[in-house]
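Peer 1: next come a sequence and a model predicted from it.
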Amino acid sequence: MTERKPRKDATRNREAVFAAADALFAECARPEDVTMADIAAAAGVGKGTLFRAYGDRTGLIRALYEARLEPVRHAVEVGPPPLGPDTPPLERVPALLDALLCLKLDNRHLAVALEGTGADSPYRTGHYARWHALLRDLLERIPGTAGARSADFAAHALLAATRADLVAHLAGEEGVPREELRTRLAEFTASVLGAGAGAEPRRPGPSGPSGPRPLG
């Protein structure tokens, strides 16, 4: 059976809604101040259209964030090194974390809005579970590291360094430059990996098709 494609007007509405929500969250002082009515008005669609498509405000934010996340997920699943599946674990772990950090930096207003909805613990979201499982499995494959329990905890600890609220605080309130944040994360990752694997800090590379780049 042929898969039905979205109608052109539905695709246009989705693009308009995502663009409007992205702009409103980027410009607001507090994410909770942005309402479904605000987004509908900015997008030029009815509020009922938003609720039918996304269920509620949290569903809309989640859908928008997942759309921003998709290029990174694609690069991780089928892309070339350093993110793709053929990359050695000792190189892939810091590259994955760097990609997540850049995603949060480029979309921190959305990431903070999603974490602030209160609908889900960040640790129970689908994307967190995927990244944690991937990092845990990679850590278990690095020679000289401890067992599965240690890898599970280390994966949580490494992901904590890319939490949206922390990234927003460091980049916003403390004014830490982007490249310095990337370097600090690389050094922290190397300190975790190096305990058992002799890892050296991986210098963050330039943005490109196989690595972190703005996703706006």
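Peer 2: Ah, there it is.

Peer 1: could you list the buried residues of the biggest helix by length in the chain?
Peer 2: For the chain, the helix that runs over the most residues, judged by DSSP state H, is helix 57-78. By 16 or more other Cβ atoms under 10 Å, the buried positions in helix 57-78 come out as 57-58, 60-65, 67-69, 71-73, 75-76. Bear in mind the C-beta positions are built from the backbone N, C-alpha and C, glycine included.

Peer 1: what's the distance between it and the middle of its chain?
Peer 2: Here the centre of helix 57-78 is set off from its chain's centre by 7 Å, with Cα atoms, centre = their mean, to the nearest Å.

Peer 1: tell me what it is packed against?
Peer 2: In terms of contacts (3 or more Cβ pairs under 8 Å, 6 or more residues apart in numbering; DSSP states H and E), helix 57-78 is packed against helix 8-27, helix 36-43, helix 47-54, helix 89-106, helix 108-115, helix 126-141.

Peer 1: now the angle from that helix to helix 126-141?
Peer 2: Between helix 57-78 and helix 126-141, the angle comes out at 30 degrees (axes from the mean of the first three to the mean of the last three Cα atoms, to 10 degrees).

Peer 1: hmm, back to that, and of the buried residues of helix 57-78, the nearest to Ala21?
Peer 2: Leu64 (5.5 Å; Cβ to Cβ).

Peer 1: list the residues that contact the closest one.
Peer 2: Residues in contact with Leu64, defined by Cβ atoms under 8 Å, 6 or more residues apart in numbering, are Phe18, Ala21, Asp22, Leu110.

Peer 1: how does it look with 6 Å?
Peer 2: Leu64 sits next to Phe18, Ala21 when contact means Cβ atoms under 6 Å, 6 or more residues apart in numbering.

Peer 1: poorly predicted segments of the protein, please.
Peer 2: For the chain, the stretches with pLDDT under 70 are 1-7, 116-120, 144-148, 195-216.

Peer 1: what's the most distant pair in the buried residues of helix 57-78?
Peer 2: Arg57 and Ala75 (29.2 Å).

Peer 1: counting neighbours, what do you get for Met36?
Peer 2: 16 (other Cβ atoms under 10 Å).

Peer 1: roughly how far does it sit from Gly79?
Peer 2: For Met36, the distance to Gly79 equals 35 Å [Cβ to Cβ, to the nearest Å].

Peer 1: what does Leu193 give?
Peer 2: Leu193 is 22 Å from Gly79, by Cβ to Cβ.

Peer 1: more neighbours, those two?
Peer 2: Leu193 (25 against 19).

Peer 1: secondary structure element for the more buried one?
Peer 2: Element membership for Leu193, per DSSP states H and E: helix 178-197.

Peer 1: same for that helix, what does it pack against?
Peer 2: Packing partners of helix 178-197 (3 or more Cβ pairs under 6 Å, 6 or more residues apart in numbering; DSSP states H and E): helix 89-106.
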